[in-house]
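**Q** test case, fold it:
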Amino acid sequence: MHTISTQSQSNPADKYTPVQVAGLRLLARGDYALADITNRLIKKGFDRIEVNQDLQLLVTKKWINDARVAENIWEYYKGQKGDIFIKQKMQLKQVPRETISNFFENLHRGGNQNQGSQKLDPIDYKTIKRKLSNRYNIEDWGKLDPKVKNKIYGYLARQGFRDIGSVLGRLVAYE
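**A** Okay, here's the model as predicted:
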């Protein structure tokens, strides 16, 4: 019969500070921006200076990455919501404004690294057209009633689309 010595095996949590362990527990549940994790840990009672110092290890290991959080939010909402809505979601998740603006500059300039140099059109016209057709009983997109057109404008504005006329034009032209 073999016995296992627990003294020779070290617990992985032993090499991290309590702040880092708490941060890793948060990251195990989901992806958070640095500011969000910092605020959550301070609310738990950790010292602000200690939190800022200890989380730097997690940032250098790229376990906390604000750009990745921004990209994940964009990937989740890209086909259904517009840029304004997505930017607001990123701000709610405490992604820094500079990271948000850099993300959208890169996105609109030429796409992200996975897409190469082609310009992205993140709007899923097929899904939006289907939703609007069902919601407003639209059979012929070429002959829209002005009241229905106003309702569509309002809907698209609430979804965060910026250039509603362009989106509506593409919806009418989309087969």
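**Q** can we go C-alpha only for contacts and neighbour counts from here?
**A** Will do.
**Q** residue contacts, the most centrally placed residue in the chain?
**A** Here the mean C-alpha position of the chain is nearest to the C-alpha of residue 73 (Cα atoms, centre = their mean), at a distance of 1.3 Å. Listed by Cα atoms under 8 Å, 6 or more residues apart in numbering, the contact set of residue 73 reads 86, 89, 90.
**Q** check residue 159 too.
**A** Under the criterion of Cα under 8 Å, 6+ apart, the contact partners of residue 159 comprise 80, 81, 82, 85.
**Q** just the element for the first one, please.
**A** When secondary structure is defined using DSSP states H and E, no element contains residue 80, which sits outside every helix and strand.
**Q** just the last one next, same as before
**A** Using DSSP H and E, residue 85 maps to helix 83-92.
**Q** which element is the residue nearest to the centre of the chain on?
**A** Here residue 73 is covered by helix 66-77, with elements defined by DSSP H and E.
**Q** residue ranges of each domain in this protein, please.
**A** Structural domains of the chain, as assigned by automatic domain parsing, span the residue ranges 12-60, 66-115, 125-173.
**Q** I'd like those domains as a markdown table, with mean pLDDT appended.
**A** As requested, those are exported to a markdown table (pLDDT from 0 to 100):
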| stretch | mean pLDDT |
| --- | --- |
| domain 12-60 | 92 |
| domain 66-115 | 86 |
| domain 125-173 | 86 |
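**Q** you'd agree residue 139 is up against residue 132?
**A** No. If you go by Cα atoms under 8 Å, residue 139 and residue 132 don't touch, sitting 10.4 Å apart.
**Q** more crowded one of those two?
**A** Neighbours were counted for residue 139 and for residue 132 using other Cα atoms under 10 Å; residue 132 has more, 17 against 10.
**Q** OK, contacts around the more buried one?
**A** 138, 152.
**Q** got the CA coordinates for stretch 64-76 in PDB?
**A** What follows is stretch 64-76 as a C-alpha-only set of coordinates in PDB (Å, rounded to 0.1, in the frame of the first residue of the first chain):
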ATOM      1  CA  ILE A  64      -7.000  39.800 -17.900                       C
ATOM      2  CA  ASN A  65      -7.300  41.500 -21.300                       C
ATOM      3  CA  ASP A  66      -9.600  44.500 -22.000                       C
ATOM      4  CA  ALA A  67      -9.300  44.100 -25.700                       C
ATOM      5  CA  ARG A  68     -10.400  40.500 -25.600                       C
ATOM      6  CA  VAL A  69     -13.400  41.500 -23.500                       C
ATOM      7  CA  ALA A  70     -14.300  44.200 -26.100                       C
ATOM      8  CA  GLU A  71     -14.000  41.700 -28.900                       C
ATOM      9  CA  ASN A  72     -16.100  39.100 -27.100                       C
ATOM     10  CA  ILE A  73     -18.900  41.600 -26.500                       C
ATOM     11  CA  TRP A  74     -18.700  42.700 -30.200                       C
ATOM     12  CA  GLU A  75     -18.800  39.000 -31.400                       C
ATOM     13  CA  TYR A  76     -21.900  38.400 -29.200                       C
END
